[in-house]
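Engineer: build the 3D model from these lines:
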Amino acid sequence: MKKIIAAAVAAAFVAPVWAADVTLSGDLEMRWTQEDGEGLAASSNDGDITVTASEELANGMAVSAKIGVEDAQTNGGIGGDVELNISGPFGTISLGEIDPAVNQVDELASPGDILGTTGAGNVGTPGGVTSINSIGWTLPAMVEGLTVIVSAGHEALTSDEASANERQVTSYGVSYSVGGLTVATGTIEADGQNYDGSYVGARYTMQGLTVGMDSATNDGADDTDTQTLSAAYNMGATTLFVESNETDTSGASATTDTVVGLTHVVGGGLSVRFESMSSDTANTDSNAVAVIYAF
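Structural biologist: Presented below is the predicted three-dimensional model:
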């Protein structure tokens, strides 16, 4: 009898898993960087694993959950995120460690990534602080190709009662796609900080050629304006790209970083990537190569 009861209890917990569609995905990246023509400056290994479960509900709604685990050598430890999405005629409600709304529509002109360049496509969060336990709402599609997202959350500061550590982060993002053209805009701001970030961008693809533009403004203490222009050409297994980032801080002389590179798909989820950056800032020219496997 005890075995029957134990089996019944176990089945009660396992059954919901059977009803859901569960998938496992992730990627591994091995990266080597050289700076200013010197020897090897840095190397890092990064791995991400994501478990996603989704289920159609009887009332016409759908629910999906994501658990992500990141083990980055550069971060010195293990991190991750959790996210819950509930969809229906009302659109999609997202809960958890989700990106602010503007960061879900930005980066239309940022093909470079392994050198860690910060272009205009990444508006970021106020003060560089991550907001947690956010809620986002992707509105129902009113026009084909139009996406409207709003989000709100709080910054991951301390758990005391000081009002300075209870800052709300609000954001919105709008994107519209038609044919090969995508345009987007959005803002992000936080209570109690001298920060008001805004973004506008566009991307157009035609016959393998993609051109893009990002522009971001931080009207806070740094008063930083950043513009990114990029072009990428897909030749099948190989994609060539160039990206130029110009940053103007507090009215000072603008600095420009230019990245050229290529990505080659070896087969399946295996690819290699090379980037070379030249910069107006002294001692920051660098080259990087990465081997990436996505599954």
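
Engineer: hey, what's residue 184 bridged with?
Structural biologist: Per DSSP bridges, residues listed as beta-bridge partners of residue 184: residue 175, residue 201.

Engineer: so what's it up against?
Structural biologist: 105, 106, 108, 173, 174, 175, 176, 199, 200, 201, 202 (C-beta atoms under 8 Å, 6 or more residues apart in numbering). No exception for glycine: its C-beta is placed from N, CA and C like everyone else's.

Engineer: mind pulling the model confidence for it?
Structural biologist: Predicted confidence (pLDDT) for residue 184: 96.

Engineer: what does residue 20 give?
Structural biologist: 81.

Engineer: about what we covered before: between the contacts of residue 184, which is closest to residue 236?
Structural biologist: Nearest to residue 236 among the contacts of residue 184, counting by C-beta to C-beta, is residue 108 at 22.8 Å.

Engineer: quick check, that closest one in a helix?
Structural biologist: No - counting by DSSP: H, G, I helix; E, B strand; the rest coil, residue 108 is located in no helix; its state is coil.

Engineer: is it true that it touches residue 204?
Structural biologist: No - using C-beta atoms under 8 Å as the test, residue 108 is too far from residue 204 to be in contact (9.4 Å).

Engineer: more neighbours: those two, which one.
Structural biologist: Shown here are residue 108 and residue 204; by other C-beta atoms under 10 Å, residue 108 has more neighbours (24 against 15).

Engineer: mind listing what the more buried one touches?
Structural biologist: 121, 182, 184, 201, 202, 203, 212, 213, 214.

Engineer: got it, and residue 175?
Structural biologist: For residue 175, counting by C-beta under 8 Å, 6+ apart, the contacting residues are 105, 146, 147, 182, 183, 184.

Engineer: cutoff 10 Å now
Structural biologist: The contact partners of residue 175, taken as C-beta atoms under 10 Å, 6 or more residues apart in numbering, are 104-106, 108, 145-149, 182-186, 201, 203.

Engineer: how about residue 139?
Structural biologist: By C-beta under 10 Å, 6+ apart, residue 139 lies in contact with 90, 91, 92, 146, 147, 148, 149, 150, 174.

Engineer: for ChimeraX, what selects the buried ones among those residues?
Structural biologist: Only the buried entries of those go into this ChimeraX selection, using 16 or more other C-beta atoms under 10 Å:
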select :91,92,147,148,149,150,174
